[in-house]
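In: show me the folded form of this:
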Amino acid sequence: MRNPGAGSFIKRGGKNPPKYTKVSIPIMILDQFAEGKGWLTKSSNANANSNSDGTIISILKVDVERYEAFVLSGARRLIQARMIRNVFTETSRVAVENDEELQRQTLRLLVDAGYRLAGQGGYAGPGREVMWEQGPTLPDAIIGTLKEVEKKQSYFNLWWTIDDDLHLKHILR
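Out: Model (predicted):
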């Protein structure tokens, strides 16, 4: 991974001419954050797919310029616990060219956890209907399409969701 585990912003300071100060910002993996909040802790009388306080995350929006796979991998337990209802993310030809297997595994993580692709699109977001069949071959279909598309459409915004009926069955099991 190229990201050293910390983020930073440039803070504008001073006057004529403006000076900039680098401000370091600590970051953490989403699963670590959730664990710290107790969201991933099972209660003694909870079923296998619930957490102790019933926390549900409505939306996770991930747009981090080709680092989406790393963010989603860091939310693996949240995704597998189906605590996130909707995941908005991007995948790109460049990301596939850099590490195709990582991209495939990340898409498979969502499919295997029971998410379905509800929408896809380009720069305007995932407003179009899905052009691929749902199911276990979906990650391969998305990657195959990215390898074939023109450079001007070299990424897809993807909207993943938990089907309400599936979600209720999963929780009530």
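
In: only C-alpha atoms from now on, for both contacts and neighbour counts.
Out: Will do.

In: can you pull out the low-pLDDT segments for this structure?
Out: 1-20, 42-53, 123-125, 150-153, 163-173 (pLDDT under 70).

In: strands of that one, start to end?
Out: Under the criterion DSSP state E, the chain carries strands at the ranges 6-13, 19-26, 57-61, 84-92, 115-121, 155-162.

In: what sits up against the longest one?
Out: Residues outside strand 84-92 that contact it (CA atoms under 8 Å, 6 or more residues apart in numbering) are 56-63, 66, 68, 78, 103, 146, 154-162.

In: so which of the strands of the chain comes closest to Trp39?
Out: Comparing these against Trp39 with CA to CA, the closest turns out to be strand 57-61 (10.3 Å).

In: pull the residues that contact stretch 130-142.
Out: Residues lying outside stretch 130-142 but in contact with it, judged by CA under 8 Å, 6+ apart, are 104, 107-108, 111-112, 116-120.

In: still on that earlier bit, just send the strands of the chain back as JSON lines, with distance to Glu129 and mean neighbour count too.
Out: JSON lines is the format used below for the strands of the chain (distance: least, CA to CA, whole Å; neighbours: other CA atoms under 10 Å):
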{"stretch": "strand 6-13", "distance to Glu129": "35", "mean neighbour count": "11"}
{"stretch": "strand 19-26", "distance to Glu129": "38", "mean neighbour count": "11"}
{"stretch": "strand 57-61", "distance to Glu129": "19", "mean neighbour count": "13"}
{"stretch": "strand 84-92", "distance to Glu129": "14", "mean neighbour count": "22"}
{"stretch": "strand 115-121", "distance to Glu129": "5", "mean neighbour count": "22"}
{"stretch": "strand 155-162", "distance to Glu129": "10", "mean neighbour count": "23"}
